[in-house]
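1. Need the 3D shape of this:
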Amino acid sequence: MRRLRLGYVVSAFPVLSETFVEQQVRGLAARGHEVTVFGRATGQAEATLRLRHWPSTREALAQPVRALQSLIRCRSWALGRRALAAEAEAPFDAIVAHFGNNAVDAEALRRVGALEGPLVAVFHAWDLSRLPRERGPEYYRPLFAKAERLVAISEHGRRRLLALGAPPARLEVLHLGVDTTRFSEPEGRPTSREGPLRVLSVGRLVEKKGLADAIEAVHRLVERGVAIRYRIIGDGPLARALAARVAARRLTGVVELSGPQPPAAIARALDEADVFLLPSVTAAGGDEEGIPVSLMEAMAAGLPVVSTRHAGIGELVEDGVSGLLVEERDVAAALARLAQLAADPALRQRLGAEARRVVTERFELATQHAAFEALLLGLA
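-> Predicted coordinates:
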């Protein structure tokens with residue numbers, strides 16, 4: 001197989017809330033391809049570009065970190081006169097830009113001759129919902145005209161791109177994935193045990209995750225006498241507001257805001273939980289989900305999930321089969337689903353086992369890496 005020379009254009013690298021980018025970069029390097037990651041040299045982003053930060057996530061791949069580092073390098077970039085001026089780059093076999101704004105910048109870098117190679121623009125969620133509203137309907141037109149491939153991570157995203165004017169012939173769907181081997185088999189999860197129902201959420205503390213609704217549902221369950229403990233892992237702009245909501249509802253001993261955690265700690269939290277809760281919503285500014293990786297990870301761990309009929313979530317979770325879905329912002333329905341799972345351990349096990357099967361068959365990380373690699377090889 002041909003060894004590719006790949007350039008990645010990102011905002012910063014690595015980013016704790018965007019582990020899927022790091023996993024893809026490391027996965028391609030593990031397959032023998034040479035990857036150069038370009039990130040903006042502003043503020044703290046510059047520090048995140050140093051490879052010395054990588055060993056903290058070395059468990060993500062079996063290959064030794066030193067071997068991967070020989071195939072990966074990180075550089076900073078800036079638009080304008082200083083664009084990659086320090087060192088001219090030879091043409092890449094492919095340039096990959098995750099998120100639409102970075103793809104627009106990558107095309108600008110190609111236009112001024114700072115980067116050469118076919119461009120693959122990967123769109124996720126906010127870049128298809130909030131960003132076009134902020135920048136205007138023509139924002140992506142130059143990118144759509146020039147990018148060799150446009151990739152959506154969900155069918156919902158594909159429809160969004162078509163509505164924005166993306167050419168169908170250069171548009172395809174490639175899902176993100178998770179490494180299911182990092183999580184315990186669902187058969188090992190007990191069907192019954194003493195103690196409260198342990199509910200977990202993982203994600204950025206932003207409006208679209210619906211965590212305010214989640215806290216409200218837990219509050220109403222406690223008022224009804226349901227024994228429950230709720231843990232939220234993540235950080236973001238709503239951290240203080242959510243903490244204030246917990247205090248106002250007198251849930252300090254029930255709800256734990258754990259802050260950001262590394263992947264290994266998240267895997268342990270998933271193993272310890274009984275239910276995963278992610279009641280995603282469309283934010284006031286239009287921001288939406290794609291298919292949340294945290295939801296995939298919970299399902300890979302064999303957890304029953306309670307989520308919403310939102311964006312691409314229905315492409316992952318089938319209501320009543322591989323999880324439970326409610327309408328956005330329907331707190332009453334969410335608490336009813338949680339109460340149902342609290343009272344029925346056998347249902348938790350059945351939903352969790354099917355969830356694990358779905359992710360293993362359709363969203364396994366190695367399979368998704370192979371599909372993306374095939375796309376890049378086709379361009380080269």
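2. C-alpha from now on. contacts and neighbour counts both.
-> Fine.
3. Just the helices from the protein, written as ranges.
-> All helices of the chain, identified by DSSP state H, fall at 19-30, 45-48, 65-69, 100-111, 130-135, 141-146, 155-163, 211-223, 239-248, 263-272, 293-300, 331-343, 345-362, 365-379.
4. Is it possible to get a markdown table of the ones you listed that adds distance to Leu174?
-> Compiled in a markdown table, the helices of the chain are given as follows (distance: least, C-alpha to C-alpha, whole Å):
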| stretch | distance to Leu174 |
| --- | --- |
| helix 19-30 | 12 |
| helix 45-48 | 27 |
| helix 65-69 | 24 |
| helix 100-111 | 15 |
| helix 130-135 | 21 |
| helix 141-146 | 18 |
| helix 155-163 | 9 |
| helix 211-223 | 28 |
| helix 239-248 | 32 |
| helix 263-272 | 23 |
| helix 293-300 | 14 |
| helix 331-343 | 30 |
| helix 345-362 | 11 |
| helix 365-379 | 7 |
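5. weakest of the ones you listed by average pLDDT?
-> Mean pLDDT across these is lowest at helix 45-48; the value there is a mean of 37.
6. picking that back up, deepest-packed of the helices of the chain, please.
-> helix 293-300 (a mean of 26; mean count of other C-alpha atoms under 10 Å).
7. Next, the residues that contact that one from outside, please.
-> By C-alpha atoms under 8 Å, 6 or more residues apart in numbering, the residues outside helix 293-300 that reach it are 20, 176-178, 180, 183, 202-203, 270, 276, 278, 304-305, 316, 352, 355-357, 359-360, 363.
8. For His124, find the nearest of the helices of the chain.
-> Minimum separation from His124 across the helices of the chain (C-alpha to C-alpha) falls at helix 155-163, 7.1 Å.
9. Just the CA atoms of the closest one, as CSV, please.
-> The C-alpha coordinates for helix 155-163 follow below in CSV (Å, rounded to 0.1, in the frame of the first residue of the first chain):
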residue,chain,number,x,y,z
GLU,A,155,-26.7,11.8,7.1
HIS,A,156,-28.2,14.7,8.9
GLY,A,157,-25.0,16.6,8.2
ARG,A,158,-25.1,15.6,4.5
ARG,A,159,-28.6,17.0,4.2
ARG,A,160,-27.4,20.2,5.8
LEU,A,161,-24.5,20.5,3.3
LEU,A,162,-26.8,19.9,0.4
ALA,A,163,-29.1,22.7,1.6
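10. Tell me how far the residue nearest the centre of the chain lies from Val104.
-> In the chain, the residue lying closest to the centroid (C-alpha atoms, centre = their mean) is Val293, at 4.0 Å. Per C-alpha to C-alpha, to the nearest Å, Val293 is found 24 Å from Val104.
11. Quick check: the gap between Arg26 and Arg309.
-> To Arg309, Arg26 is 32 Å away according to C-alpha to C-alpha.
12. these two touch, right, Val358 and Val321?
-> No: look at Val358 against Val321 with C-alpha atoms under 8 Å: they stay out of range, at 10.1 Å.
13. Spit out the contact partners of Gly117.
-> Counting by C-alpha under 8 Å, 6+ apart, the residues that Gly117 touches are Pro91, Phe92, Asp93, Ala94, Ile95, Arg110.
14. go on, Ile313?
-> Contacts for Ile313 (C-alpha under 8 Å, 6+ apart) come out as Gly290, Ile291, Pro292, Ser307.
15. Quick check, pLDDT for the closest residue to the third one other than its chain neighbours.
-> Computed as C-alpha to C-alpha, 6 or more residues apart in numbering, the closest residue to Pro292 that is not its neighbour in sequence is Ile313, at 7.4 Å. As summarised for this prediction, Ile313 has a pLDDT of 98.
16. Then the one 10 residues further on?
-> According to the predicted model, the pLDDT of Gly323 comes to 98.
17. residues in contact with it?
-> Residues near Gly323 by C-alpha under 8 Å, 6+ apart: Pro304, Val305, Val306, Ser307, Val317, Leu351, Gly352, Ala355.
18. distance of the fourth one from Leu161?
-> Ser307 sits 24 Å away from Leu161, going by C-alpha to C-alpha.
19. again, but for the third one
-> When C-alpha to C-alpha is the yardstick, Val306 and Leu161 sit 28 Å from each other.
20. what does the last one give?
-> Using C-alpha to C-alpha, we find Ala355 at a distance of 28 Å from Leu161.
21. Over to the first one?
-> As defined by C-alpha to C-alpha, Pro304 lies at a distance of 31 Å from Leu161.
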